[in-house]
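Peer 1: The amino acid sequence is not available; the structure is as follows:
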């Protein structure tokens with residue numbers, strides 16, 4: 001399953017986590033690959049903008065958040081009426 005998680009979060013192209021960190025994230029998410037992918041991508045989305053004197057490397061935050069959206073659980077459902085007892 002870690003192969004799938006790594007593929008989902010583009011870990012081969014953009015390494016960020018150790019094997020142990022990925023295993024912990026996967027376990028923390030009750031071995032749900034989509035939830036683990038979402039959580040890992042949100043962590044990758046932390047600001048990574050780098051400024052060195054006159055050179056700036058832009059953040060890829062939007063990219064990681066757009067990937068995370070693919071694995072976010074659907075939060076829709078029925079709402080309970082506020083006036084019902």
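Peer 2: Arrived safely. Predicted model, so just to flag it, every value in this text is computed and none were measured.
Peer 1: By mean pLDDT, point me to the weakest helix or strand of the protein.
Peer 2: None of the helices or strands of the chain scores lower by mean pLDDT, DSSP states H and E than strand 50-52, at a mean of 72.
Peer 1: After it, which helix or strand is next?
Peer 2: Per DSSP states H and E, the first helix or strand lying C-terminal to strand 50-52 is strand 55-57.
Peer 1: now what about the helix or strand that contains residue 22, what contacts it?
Peer 2: For residue 22, the host element (DSSP H and E) is helix 19-28. With contact meaning C-beta atoms under 8 Å, 6 or more residues apart in numbering, helix 19-28 is reached by 1, 2, 5, 6, 11, 17, 33, 36, 39, 40, 43. In short, each C-beta sits where N, CA and C put it, glycine included.
Peer 1: For the residue nearest to the second one when sequence neighbours are not counted, give its distance to residue 30.
Peer 2: Spatial nearest neighbour of residue 2, chain neighbours left out: residue 22 (5.7 Å); criterion: C-beta to C-beta, 6 or more residues apart in numbering. Taken as C-beta to C-beta, to the nearest Å, the spacing of residue 22 relative to residue 30 amounts to 15 Å.
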